[in-house]
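**Student:** just to be clear, the model below is a prediction. Sequence and coordinates:
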Amino acid sequence: MNLASLLQCDLALVDAWESGEEEIPEKLAGWLETLAVAHEATGILSDYRGLRYGFKQ
């Protein structure tokens, strides 16, 4: 999943934000900052990394 999929917008628009060609809208920047702070505070689970559906350990 990528940001364009999550926002249901054009991938080229996300690329333009990333490259600085287009300015990131203030509302989106705030939302991304909130997500970053939450992930920094809670960490990202690594328990499921590499697991596949149907695989029993």
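**Tutor:** All right, it came through fine. Numbering: from 1, shown residues only.
**Student:** longest helix in the protein, by residue count?
**Tutor:** With DSSP state H applied, the helix covering the greatest number of residues in the chain is identified as helix 26-42.
**Student:** give me the buried positions along it.
**Tutor:** The neighbour-count check on helix 26-42 (16 or more other C-beta atoms under 10 Å) flags nothing as buried. The C-beta positions use only the backbone N, C-alpha and C, and glycine is treated the same way.
**Student:** which elements pack onto that helix?
**Tutor:** Applying 3 or more C-beta pairs under 8 Å, 6 or more residues apart in numbering; DSSP states H and E, we find helix 26-42 packed against no helix or strand.
**Student:** state the mean pLDDT of it.
**Tutor:** Helix 26-42 carries an average pLDDT of 95.
**Student:** ok, and what's touching that helix?
**Tutor:** Applying C-beta atoms under 8 Å, 6 or more residues apart in numbering, the set of residues contacting helix 26-42 from outside is 7, 24.
**Student:** output the helix or strand that contains S5 as CSV, restricted to C-alpha atoms.
**Tutor:** Assigning secondary structure by DSSP states H and E places S5 in helix 3-7. What follows is the C-alpha trace of helix 3-7 in CSV, where atoms were taken according to Å, rounded to 0.1, in the frame of the first residue of the first chain:
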residue,chain,number,x,y,z
LEU,A,3,0.2,7.0,-0.1
ALA,A,4,-1.5,7.4,-3.5
SER,A,5,-3.6,4.3,-2.8
LEU,A,6,-4.5,5.4,0.7
LEU,A,7,-5.5,8.8,-0.5
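**Student:** circling back to that earlier point, now the longest helix of the chain: how far from the chain's centre is it?
**Tutor:** 10 Å (C-alpha atoms, centre = their mean, to the nearest Å).
**Student:** and the next helix or strand past the helix holding S5?
**Tutor:** Beyond helix 3-7 on the C-terminal side, the first helix or strand identified by DSSP H and E is helix 11-19.
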